[in-house]
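Q: Provided below for reference: sequence and predicted model.
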Amino acid sequence: MFWKRAILHVDMDAFFVNIHLLDHPEDRGLPIAVGGNPNGRGVVASASYEARQFGVRSAMPSSQALRLCPTIKFVGHNWPRIGECSRQVMDLLAAYGPLEKMSVDEAYVDISEAADPEGVAFKIRAQIKRETGLPASVGLTPNKLVSKVASDFDKPEGCTIIRPGEERLFLAPLSVRAIHGIGPRTAEQLALLNIYKCGELADIDLSQLRLKFGKNAELLQERARGIDHRPVNDDPGQAKSISQEWTFNDDIEDENYLFDMMEKMAGQVSESLKKRNLVAHTVVVKYRWVDFSTFTRQRTVEVGIDSAAEILATAQAVFQANWNGEKLRLIGVGVSNLERPLGRQLTLFNS
Amino acid sequence: MKVTCLQENLAKGLSIVGRAVSPRSTLPVLANVLIATDNGRLKLSATNLEIVITCWLGAKVEEEGALTVPARTLTDLVNNLPPEQINLTLDQKSQTLHLDCMRTESNIKGIDADEFPLVPEPSQENRIKMSTPVLKEMINQVAFAAAADDTRPTLTGIKAYFEGDTVTMAATDGFRLSVRQSPLLGTMDNSLNVIIPARALNEVARVANDEMEFVYISMPEKRNQIVFDMESVVVITQLIDGNFPDYSAVLPKRHATRTVLNTSEFMKACKRADIFAREASHTARVRIEPGDEITPGFTTITANSVETGDNVAQLDANVIGDPVEIAFNVKYMIDVLNVINSPQVALETTTPMEPGVLKPVGAGEFTHVIMPMHFGR
């Protein structure tokens, strides 16, 4: 089989839960959820397969998970361990070709250069398990779009390979929602055209699709046909924005506490910027009020910044200009308008 | 109120006070301009609570009175009237201003003048006298270096220090610093040390014209304000509280290389460099090479952009000292070269990590400091 492009999507299975089980083997076989406290406002970040049988899903409010599965055991995130395992997996993957990290537990690897991509796919999955003890599912297809669907096709510990030319056939019986980028809103619009499956979307007359989706129609149909030319982007500097946010257990109106949180987030944002060798020209503050209304306010500075102190100072200035002392349930600090500076503007005063 | 004035005078007066109008304030009267008779002249005043601009124009006053009317409406109307006499009459009962010019009659609904914020009178005592053109030049040389965003509020101001018979003004945004010294006309008994919003000083420079020979500066007691009285125009602004950074500590005391360049050639080279540098954080490299007995010294300015391309310009220069290569934000260079009036400019440098200093050759009153760009982290 000749692979012109071979893109592997690696998706760790219940990553947070399995890391927990690695360190706490006594919890194996129990319904486990990693995430926030069910008495507060936490959400499930990851659920064990035992918990999933009760209908518990990630991103579900923890309180709801507890109702569905009263015996569920909640455990906290072990961020240092998560970071360590993630790095281990990513380092291992990077040896096989250009790597695009999508999150801590998900990445694309371009293995087009490999003589036998199919063999490499199996090898990588086994190597992850052997070296980290963690299960992963992989999808190997000629492009990112289909690989993402494929890795999810046979979880956990799946290895789904869709050979060149078979992409359209593979997607055809799947719901349109399987395609990354087709959300509930688009699915609703498609349903009006009686389109529910990728195959139906792939076959429909383009002119009919255009009536509803205009210039996006072509792209939409291409996706349903399993066509995707996006390269694996191994340059993390491409990020358009970096942000951190925090939902409080109790609504907060204490300015000092809010500033402490902002300081922490500014530090994290600064670290991500420095790691990517970027500076930001815009600082964004996100607010969510008690009634869930959410808005962002931003300020642009002329000289790009990356230090925690500068990000914090700007964020606090934005915050104070747009806060009337009302209680908040979420605060976020982020940066956008990013740039890779040629040189670094030195400052006159060290403060 | 019953007043007659010329359309061009009224239009000019409205354009002077117009910049202090705040159309989007929660206080409706701040979107208005105050029109009042005052000792046989017509007084116009506008404020956004940070700055007040008042101007007086010649008029024939038949009956005293005062009213505020929406600045936008009045300005647009007056700008579109023919250059003739305008009769202004106030109908006290309906708070309406009636304008009558040639065959055009208009009525503008206003707000009672009593609702307009009280404006302090310029003091005739304890005031500092300065040449208006000198103050204007000072502001132009200093204000652009102030910070544009108010993350650090004191840096949006200009530090002004009046002592004896001189005034020193300084502004910095943390990356560059402008300092200018000028003589006062007269000697002060007490020194005065304030931070004035750069925005307000820019307004002073804007309204100052050649007819205004002198400006009188005073501080009304306990109001945290400063007054610039140019007789026919008065600008009053709030001062900024806070500590201005100690800039004297960062003024370089020595240099390793002094490079004298033709100001306008240097400026043109910087502008060409910025065509390419603007996509690369405005970074341009300045390489300075001293000459010898046969070859004169020179300076090259290099800019490149991954997307656009690159540009190199070589300029003759009188270089005393060591060769050096230093990178600057070329926009900062253009900003300062714009306000240097001497035909030659001196660039003093030490190392690529230390500030560069620009001074007009032959005039010792102005110093501008720019921090370089540093390559590699």
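A: Noted; the coordinates are in hand. Keep in mind that what you see is a predicted model, and the values were worked out from it rather than measured.
Q: residue 170 in helix, strand or coil?
A: All of this is about chain A. Under DSSP: H, G, I helix; E, B strand; the rest coil, the three-state class of A:Phe170 is helix.
Q: look at chain B instead
A: Following three-state DSSP, B:Ala170 is assigned to strand.
Q: and for it, the neighbour number?
A: B:Ala170 is flanked by 24 other residues according to other Cβ atoms under 10 Å in any protein chain shown. (C-beta placed from N, C-alpha, C; glycine too.)
Q: okay, and the beta partners of it?
A: B:Ala170 has these beta-bridge partners by DSSP bridges: B:Lys159, B:Val179.
Q: what sits against the residue in the stretch 1-150 of chain A positioned nearest to chain B?
A: At 20.2 Å from chain B, A:Pro98 is the closest residue in the stretch 1-150 of chain A, using Cβ to the nearest Cβ. Shown in contact with A:Pro98 (Cβ atoms under 8 Å, 6 or more residues apart in numbering or on different chains): A:Val109, A:Asp110, A:Val232, A:Asp234.
Q: buried subset of those?
A: Among the contacts of A:Pro98, those buried by neighbour count (16 or more other Cβ atoms under 10 Å in any protein chain shown) are A:Val109, A:Asp110, A:Val232, A:Asp234.
Q: so which residues on the stretch 101-250 of chain B come close to chain A?
A: Proximity of the stretch 101-250 of chain B to chain A, by Cβ under 8 Å from any Cβ of the partner chain, involves residues B:148-152, B:172-177, B:245, B:247, B:250.
Q: how about those, which pair is most distant?
A: Among these, the pair separated by the greatest distance (Cβ to Cβ) is B:Asp150 and B:Val250, at 21.7 Å.
Q: so A:Met174 sits right up against A:Val149, yeah?
A: Rather than Met, residue A:174 is Leu. Yes: in this structure A:Leu174 lies within contact range of A:Val149 using Cβ atoms under 8 Å: 6.9 Å.
Q: those two: who's more crowded?
A: Counted by other Cβ under 10 Å, A:Leu174 and A:Val149 do not tie: A:Val149 has more neighbours, with 23 against 16.
Q: ok, now how distant is the residue in chain A that chain B sits nearest to from B:Phe328?
A: In chain A, the residue that lies nearest chain B is A:Gly343 (3.3 Å; Cβ to the nearest Cβ). The gap separating A:Gly343 from B:Phe328 is 9 Å, by Cβ to Cβ, to the nearest Å.
Q: over to B:Asp112?
A: According to Cβ to Cβ, B:Asp112 stands 55 Å off from B:Phe328.
Q: also B:Arg152?
A: Using Cβ to Cβ, B:Arg152 is found at 22 Å from B:Phe328.
Q: looking at those two, which is more packed in?
A: Taking other Cβ under 10 Å, B:Arg152 and B:Phe328 do not tie; B:Phe328 has more neighbours (26 against 17).
Q: list the beta-bridge partners for that one.
A: For B:Phe328, the beta-bridge partners under DSSP bridges are B:Ala284.
Q: helix/strand/coil for the closest residue to chain A within the stretch 1-150 of chain B?
A: In the stretch 1-150 of chain B, the residue that lies nearest chain A is B:Asp149 (5.4 Å; Cβ to the nearest Cβ). Under the three-state scheme (three-state DSSP), B:Asp149 adopts coil.
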